[in-house]
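> my questions are about this predicted structure, shown below with the sequence.
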Protein chains: 2
Amino acid sequence: MNQQDVLEDFTVLSSLGATPGGGVDRQAATETDGQARRWLVEWLTDNGFAVTVDRVGNIFGTVEWVPGAPFVLMGSHLDSQPTAGRFDGAYGVLAAAHAARRIVADVAAGALTPRLNIAVVDWFNEEGSRFTPSIMGSTAYCGGMAVDDVLATRDLDGTSVEEALRSIGFLGDGTAPQAACYAEIHIEQGRVLERLGADIGLVESNWAARKYEIVVHGTQSHTGATVMADRHDALVGASRIVCLARDVVDEFPEGALLTAVGRMTVHPNSPVVVPSEVRLSLDVRSADADLVEQAHALLLERMAGIGARTGVEVEVARSSLRHARPFRAAGVDLAETVAEDGGATTHRMQTMAGHDAIPLNTLVPTVLLFVPSVEGVSHNERELTHDDDLLRGVDVLSRLGARLVEGALPCA
Amino acid sequence: MNQQDVLEDFTVLSSLGATPGGGVDRQAATETDGQARRWLVEWLTDNGFAVTVDRVGNIFGTVEWVPGAPFVLMGSHLDSQPTAGRFDGAYGVLAAAHAARRIVADVAAGALTPRLNIAVVDWFNEEGSRFTPSIMGSTAYCGGMAVDDVLATRDLDGTSVEEALRSIGFLGDGTAPQAACYAEIHIEQGRVLERLGADIGLVESNWAARKYEIVVHGTQSHTGATVMADRHDALVGASRIVCLARDVVDEFPEGALLTAVGRMTVHPNSPVVVPSEVRLSLDVRSADADLVEQAHALLLERMAGIGARTGVEVEVARSSLRHARPFRAAGVDLAETVAEDGGATTHRMQTMAGHDAIPLNTLVPTVLLFVPSVEGVSHNERELTHDDDLLRGVDVLSRLGARLVEGALPCA
C-alpha cells in the first residue's frame, strides 16, 4: 500500500460535492454522487478491476482468479447526508479499493494464493436522506427489498430512484457478484475508541432499531380567525410526538435507549395557516431488542392518546424493525488477530448506527471494523478521522482481506 | 349593479389558479397571481379605469372627477395561501371593482356628485405565505415598510420580491393615488355572523397580535450514534416551543388568547440526522393588547428555559407587534346606516385576523365590513360564502362608497 496514494485519493474524493463548511453533499443519485461514482469506476478500471453496476445502482469492481468461486466483498458507500462529513462511507469504499489493489498485487507477486475472488463495492443509498429507507442498495442485494420497490421509491420532489439513477448514468443491468463473505471498515461516529485510546473497533453486534414514518392529520384553518377550540392542529400533535419520543428515553436506564425525529415536513407550512398535515421520521434504538419493543408499545399507546387529546389523527404509515444481531465470532476473532499482529490495539464493541454490513451479516459471514472519530462527531461537516488512523485502517483491512481471500472464514 | 356580472366574474376569477379541491393557489407574485392580476387590469381598463402599478406591485384602477382631490380607495388582495379558498381577498377586490363601476355610472348619470375621486386596489402579498411578513403591499403604502425592504424580501427558495414581481410583469413604477379614506369588504373567516344570522359585520377594532420568527440552533449529529447526553437537538427545542405556545393559552381566560405556529422548517431534515436548525413562525393574538404582552413575557422567559434545558440556543430573530386599534366610529356608524337602509342586518364586532384595512386604518379613516363565512372555515379550500351574501356585500359596499365619494366621512 502506498500511503501517499490513499491520502491523495481521499483528498480528490472529498473534493467531489465538497461544501464550503469542509464537508460533502453527495445525496444518493444526485449529480455529486454521480461524480464520486464516476471517479470510483475510473479508479477501479485503471487498477485492473472489471466494473459491474447492478439494477439498483450498486457498483462492483471485481478480480476473478478462481473461475466460479464466490467473492470476498469489501466496501461501503459513497453517498452522504445533505451536509455531511467527508469520512462516513467514502472512507470505507476507498479503504476497500486500496486493500483490494494490494491483495491483487500480492497475488500477482505469488505472495498469496487465493481460494476466493475479490470485489470492491459502493452500495447505493446507504444514508436514506433523499430516498427512504436507508441502507437500500445492500438490503436489496441481500434480498430484503425487491428491485422494483427500490426503483419506484420517490424523493420529496417526486423523483424516483429509477429516474435519478438513469439521470446520472448508473441505472445498471449487471449481475452482482456472489459474496462468500463481507468486510467493511467505517468511522466509529462515536467516542468509544477515542476515549479508550484504541486503534480499531471490532464490532460484535448491532443495536436493534425501529424506524417509523408517522403522518399527523389535522384540519387547515386560519391562525388568526379560528378559535382554539375549533382547531385540529397537526403541528401541535406532531410536536407532542417529538417531545414524547425524547422524554420516553428518561423512563429507561441511562444510555439504554436512543430516539430521534430527524425529519419533519409541515403542510401547507404558511405562517398564518394552522397546519393540516405533518409527516415525521422517528427512530428508536437500543442494544437490547426488548427495550426497543417496550418503547414501541409505549409510543403507540401514547401517540394514540396525543391524537385523541389534540383532535388530530396519528397514522403510523410505516414501522420497520431492525433486529439486534451478533456478527459471527470467527470473523471478530480473525480481525482481532490480524489487527494485533499488525501492531494495532483493538476494542470489541457494538454499533449503534446502521451500516451496509448489517444486511450483509444476515447473508454471509461479515466483519465490521471501526476507526476512531474525533470527538465522535458525525453527520456533520466537522467529522474528522486523523490520517494515521485512516492509514492503519486500510492496512488492517488489507491484511484481513488477504486472509479472507485465502478462505480463512468458513462460508455461510 | 348587475348581479349576474358579479357572480360570473367571480367564477372566472376563481378559475385562475384553481385547485382540484375547489380552492385556489395564488401565492404572491406567482404565475397564477399574475393571471389574476392581468384579469383585473383588463377588467379595470375595459370599464374605464386608469391603471397604475406602484413600486411594490400594488395595482390601482382610478377614475378622477375632481382634479387634485384625494381618492376613496376600495379593495383587498388577489393573492392567496398555498391551498386556499376562493373568497379570502379576491371577493373584496371584485366587490370593490363592481361597487366602483356602479358609482362611476351613477356619477355619469348625474345621480351622484363626487367631492373625491375613486380607486380600486389590489394590494400585493396580503397573505405572507411566500414572502414574510404578510400585509406587505398595504403596509408599504402606509409607510410601515420601506420599498427597498419589500423588494429585497426573499422566499424560501431565495427569490426576491423584485425578481418575482418582474417575472410576472408587475414590478411597477407608478405613483399610488393618495387616499382620503379606505373601505374593504372581506369574508368573516369566523362563525359569529352565521351564528347570529346577521348579514354584515361592522368591524369596530382589530385584535392585537405579536408575530415572531424564531430560530432554534442545535448541533447536527447522527441519530443512531450520538448518545442522548451529547445531543443538541434543535427539533426537540422547537417542538417544546410549539407545545408551550399551545399550552400557554390555557393560562388565560377561555377564548382570550390565540396562538399558533404555522410554519416550521427543519435543517437538514434527514431521517437519521439530529436537526441543527429549526425556524418557526409563531403568532399570538388577543383583543386585549395587555394579554398579548403578558403572553409575550411568559413566552420569552419560558423559551429561554427550554433553550437551557434542551441544550439549544433559542433566537428570537424577529418580533413584531400589531397594536389593537379601533376603526373610527364615524365610519362604523356610516356603514351601519347604509347597510340597514338597504335592508341588511348588521353586527358590530372585532377582527381577529389581519387585513389590509389594518395599516390603512393608521393612515386614513377606514371602514372594514364582513360577510358571513359558512362554518367559519377559512384558509382552506372548503371556504364558502353564499351568493346572496356576496351580492348583498357588493350592494352595501356600493352604497357606502357612494357616500364616501360625496365626502360623508371627514378626512384624516
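Cool, the structure landed. Residues are numbered from 1 along each chain as shown, chains lettered A, B, ... in the order given.

> any low-confidence regions in the stretch 301-412 of chain A?
A:411-412 (pLDDT under 70).

> residues of it that sit close to chain B?
Counting by CB under 8 Å from any CB of the partner chain, the residues of the stretch 301-412 of chain A lying close to chain B are A:352-354, A:376-381. For glycine as for every other residue, the C-beta is placed from the backbone atoms N, C-alpha and C.

> let's see that with 10 Å instead.
Selection of the stretch 301-412 of chain A residues close to chain B by CB under 10 Å from any CB of the partner chain yields A:310, A:322, A:351-355, A:373, A:375-383.

> ok, of those residues, which come out buried?
Buried members of those, counted by 16 or more other CB atoms under 10 Å in any protein chain shown: A:310, A:322, A:351-355, A:373, A:376-381, A:383.

> now for the residues you listed, which pair is the farthest apart?
Spatial extent of these (CB to CB) is set by the pair A:310 and A:373 at 39.4 Å.

> ok, back up a step: from the buried ones among the residues of the stretch 301-412 of chain A next to chain B, which land in helices?
residue A:310 (DSSP state H).

> domain-wise, how is chain A divided?
A:3-207+A:324-405, A:208-322 (automatic domain parsing).

> return the distance of the helix or strand of chain A with the lowest mean pLDDT from the chain's centre.
Across the helices and strands of chain A, mean pLDDT, DSSP states H and E gives its lowest value to strand A:221-222, namely a mean of 90. Using CA atoms, centre = their mean, to the nearest Å, the mean C-alpha position of strand A:221-222 is found 41 Å from that of the whole chain.

> hmm, who's touching that strand?
A:227, A:230-233, A:272-276, B:81, B:84-85, B:88, B:189-190, B:258, B:260, B:262, B:352-353, B:373, B:376-380, B:382-383 (CB atoms under 10 Å, 6 or more residues apart in numbering or on different chains).

> pull out the buried positions in the helix or strand where residue A:292 lies.
Using DSSP states H and E, residue A:292 sits within helix A:289-310. Going by neighbour count (16+ other CB under 10 Å), the buried part of helix A:289-310 is A:289, A:291-292, A:294-295, A:299, A:302-303, A:306-307, A:310.

> closest one to residue B:173 out of the residues you listed, please.
Checking the buried residues of helix A:289-310 one by one against residue B:173 (CB to CB), the nearest turns out to be residue A:310, at 49.5 Å.

> ok, now which ones touch the closest one?
Here residue A:310 is in contact with A:216, A:218, A:231-241, B:246 (CB under 10 Å, 6+ apart).

> stretch A:132-144 near chain B anywhere?
Yes: on the criterion CB under 10 Å from any CB, stretch A:132-144 is in touch with chain B at A:132-135.

> how about that stretch: buried residues?
A:132-142.

> these in helices, which ones?
A:136-141.

> out of the residues you listed, who's nearest chain B?
Lowest distance from chain B to those (CB to the nearest CB) belongs to residue A:136, with 12.1 Å.

> how about the nearest residue to the closest one, chain neighbours excluded?
Spatially, and ignoring its direct neighbours in sequence, residue A:136 is nearest to residue A:125 (4.1 Å; CB to CB, 6 or more residues apart in numbering or on different chains).

> rewinding a little: can you lay out the ones in helices among the buried residues of stretch A:132-144 as a markdown table showing pLDDT and distance to residue A:154?
Shown next, in a markdown table, are these (pLDDT from 0 to 100; distance: CB to CB, whole Å):
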| residue | pLDDT | distance to residue A:154 |
| --- | --- | --- |
| A:136 | 98 | 13 |
| A:137 | 98 | 17 |
| A:138 | 98 | 20 |
| A:139 | 97 | 17 |
| A:140 | 98 | 16 |
| A:141 | 98 | 21 |
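
> hmm, back to that, I'd say the residue nearest to residue A:136 and residue A:131 touch.
Yes: counting by CB atoms under 10 Å, residue A:125 touches residue A:131, with 5.4 Å between them.

> intersection of neighbour lists for the two?
A:27-29, A:79, A:150, A:153, A:161, A:164.

> of all pairs in the residues you listed, which one is the farthest apart?
Across the shared contacts of residue A:125 and residue A:131 (CB to CB), the longest gap, 15.7 Å, separates A:27 and A:150.

> neighbour count winner among residue A:125 and residue A:131?
A direct count of neighbours by other CB atoms under 10 Å in any protein chain shown for residue A:125 and residue A:131 places residue A:125 higher, at 31 against 23.

> what's the distance between that one and chain B?
Residue A:125 sits 12 Å away from chain B, going by CB to the nearest CB, to the nearest Å.

> got a list of what that residue touches?
Contacts of residue A:125 (CB under 10 Å, 6+ apart): A:27-29, A:33, A:56-58, A:77, A:79, A:131-140, A:150, A:153, A:161, A:164-165.

> neighbours of residue A:317, how many?
Residue A:317 has 9 nearby residues by other CB under 10 Å.

> was I right about residue A:96 contacting residue A:121?
Yes: contact criterion CB under 10 Å: residue A:96 and residue A:121 qualify, at 7.2 Å.

> who touches both of the two?
In contact with both residue A:96 and residue A:121: A:61, A:73-76, A:184, using CB under 10 Å, 6+ apart.

> would you turn those into TSV with secondary structure, pLDDT and neighbour count?
Output for the shared contacts of residue A:96 and residue A:121, formatted as TSV (DSSP: H, G, I helix; E, B strand; the rest coil; pLDDT from 0 to 100; neighbours: other CB atoms under 10 Å in any protein chain shown):
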residue	secondary structure	pLDDT	neighbour count
A:61	strand	98	27
A:73	strand	98	34
A:74	strand	98	30
A:75	strand	98	31
A:76	strand	98	27
A:184	strand	98	30
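
> ok, residue A:96 and residue A:121, which is more surrounded?
Between residue A:96 and residue A:121, counting by other CB under 10 Å, residue A:121 is the more crowded of the two (32 against 27).

> now do that one against residue A:403, distance only.
19 Å (CB to CB, to the nearest Å).

> quick one, helices of the stretch 151-300 of chain A?
Secondary structure of the stretch 151-300 of chain A (DSSP state H, counting those that start in this stretch): helices located at A:161-167, A:192-196, A:234-248, A:289-310.

> closest one to residue B:117 among these?
Of those, the one closest to residue B:117 (CB to CB) turns out to be helix A:234-248, at 46.1 Å.

> anything in the closest one sitting right up against chain B?
Yes: judged by CB under 10 Å from any CB, helix A:234-248 and chain B are in contact via A:235-247.

> in ChimeraX, select just the buried ones from those residues.
To isolate the buried members of those in ChimeraX, using 16+ other CB under 10 Å:
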select /A:235,236,237,238,239,240,241,242,243,244,245,246
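
> can you put the residues of helix A:234-248 next to chain B in CSV and add pLDDT?
Converted to CSV, the residues of helix A:234-248 next to chain B look like this (pLDDT from 0 to 100):
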residue, pLDDT
A:235, 98
A:236, 98
A:237, 98
A:238, 98
A:239, 98
A:240, 98
A:241, 98
A:242, 98
A:243, 98
A:244, 98
A:245, 98
A:246, 98
A:247, 98
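
> of all the residues of helix A:234-248 next to chain B, which comes closest to residue B:100?
Distances from residue B:100 to these, taken by CB to CB, are shortest for residue A:235, at 40.6 Å.

> ok, the closest residue to the closest one other than its chain neighbours - how many residues close by?
Leaving aside its chain neighbours, residue A:235 sits nearest to residue A:275 (4.2 Å; criterion: CB to CB, 6+ apart). Using other CB under 10 Å, residue A:275 has 29 other residues around it.

> if I look at residue A:275, how far off is residue A:214?
14 Å.

> likewise residue A:138?
The value you get for residue A:138 to residue A:214, if CB to CB is used, is 26 Å.

> what of residue A:145?
21 Å.

> okay, these two: which has more neighbours?
Applying other CB under 10 Å to residue A:145 and residue A:214 shows that residue A:214 carries more neighbours, namely 23 against 19.

> give me the beta-bridge partners of the more buried one?
Counting by DSSP bridges, residue A:214 is bridged to residue A:280, residue A:316.

> list the contacts of it.
Contact analysis of residue A:214 by CB under 10 Å, 6+ apart lists A:237-238, A:241, A:245, A:261, A:264, A:278-282, A:299, A:303, A:314-319.
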